[in-house]
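1. Only the shape, not the letters, is given here:
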């Protein structure tokens, strides 16, 4: 009888051990197997940007950081001017257009959306040798429309003023002319196709005056930005609105056309607070909260 009881106890113990092993096996199956999909998505492909030359520093900083964070994505930027960038967004030749002016009513009516990524001052620049330090908006308008033709009329040394500006379709030109009230009235000695070319032309002519993006002239000793109505063109005065000649930096997209995953990721990054320090370092004023 004792042998039977011992045998039963031995069998019971063996069955318990087998059940325990089975439970451990089941628990092991709950661990994710090697090769399961990761929680995040690795971006790849390309993003094409086209438009404003004034946005070069801002876009360059954003692109550099975005590609560092997403090594599988290549972002290209074609600095063709705001008008061409808006058209590229409209016809689909670029993922995102870049405009250094707000979209016009007819452009939004045509199915485009503009999203402001930053604000930028339009600095009025002269040659460093020019003794003029301050101009009013009215004087600037009179200079560019040809009513004032000599620097002696605004407190400078005698010399015929040479007005340098941007080509038709430029966002910088559109912003400058709309604020100064000189649309279709500017009389330019040189009409150039990039911000850099305007800066170079003013730097090389003691009697020249031009306009350029704040982000492009900060830190440059080759030109001098005059104050406008006594207010310097700085990030602070642009943000608080005290500097009169300013405009938005705009990302242009087409309504009803979804961006690719990578283009949407770039757009979301550029318009987020995470990009604010990059935009500030590039000389513009971020607007994301």
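-> Received it, and whenever you're ready, just let me know what you need. Predicted model only: the values in this text are computed from it and were never measured. Numbering: from 1, shown residues only.

2. Which positions within the helix or strand where residue 83 lies qualify as buried?
-> Per DSSP states H and E, residue 83 falls inside helix 82-91. Of the residues in helix 82-91, 82, 83, 84, 85, 86, 87, 88, 89, 90 count as buried by neighbour count, 16 or more other Cβ atoms under 10 Å. C-betas here are computed from N, CA, C, even on glycine.

3. Run the chain-centre distance for that helix.
-> Taking Cα atoms, centre = their mean, to the nearest Å, the mean C-alpha location of helix 82-91 is offset from the chain mean by 15 Å.

4. Run through the residues that contact residue 286.
-> 117, 118, 273, 275, 276, 279, 280 (Cβ atoms under 8 Å, 6 or more residues apart in numbering).

5. Repeat the analysis, applying 7 Å as the threshold.
-> Going by Cβ atoms under 7 Å, 6 or more residues apart in numbering, residue 286 touches 118, 275, 276, 279, 280.

6. Wasn't the third one part of a strand?
-> It stands for residue 276. No. According to DSSP: H, G, I helix; E, B strand; the rest coil, residue 276 belongs to no strand; its state is helix.

7. Bridging across strands, which residues link to residue 48?
-> residue 76 (DSSP bridges).

8. per-domain residue ranges of this structure.
-> For the chain, automatic domain parsing gives the domain ranges 46-119+248-286, 121-246.

9. Show the average pLDDT along stretch 218-227.
-> Throughout stretch 218-227, pLDDT has a mean value of 95.

10. What's the first helix or strand after the longest strand along the chain?
-> Longest strand in the chain by number of residues, with DSSP state E as the criterion: strand 112-126. Sequence order places strand 134-135 as the next helix or strand after strand 112-126, per DSSP H and E.

11. how far off strand 112-126 does the helix or strand that that following strand is followed by point, in degrees?
-> Next in sequence after strand 134-135, counting helices and strands by DSSP H and E, comes helix 137-144. Counting by axes from the mean of the first three to the mean of the last three Cα atoms, to 10 degrees, helix 137-144 lies at 80 degrees to strand 112-126.

12. How far does helix 137-144 sit from its chain's centre?
-> Distance, centroid of helix 137-144 to centroid of chain: 29 Å (Cα atoms, centre = their mean).

13. Who are the packing partners of that helix?
-> helix 171-180 (3 or more Cβ pairs under 7 Å, 6 or more residues apart in numbering; DSSP states H and E).

14. elements contacting the helix it packs on?
-> By 3+ Cβ pairs under 7 Å, 6+ apart, helix 171-180 packs against strand 112-126, helix 137-144, strand 162-166, strand 208-213.

15. right, and those - which one's nearest residue 268?
-> Closest to residue 268 of the helices and strands packed on helix 171-180 is strand 112-126 (Cβ to Cβ; 10.7 Å).

16. from the helices and strands packed on helix 171-180, which stretch is densest packed?
-> Compared across these, strand 208-213 shows the largest average neighbour count, a mean of 28 (mean count of other Cβ atoms under 10 Å).

17. Give the next helix or strand downstream of it.
-> Sequence order places helix 214-217 as the next helix or strand after strand 208-213, per DSSP H and E.
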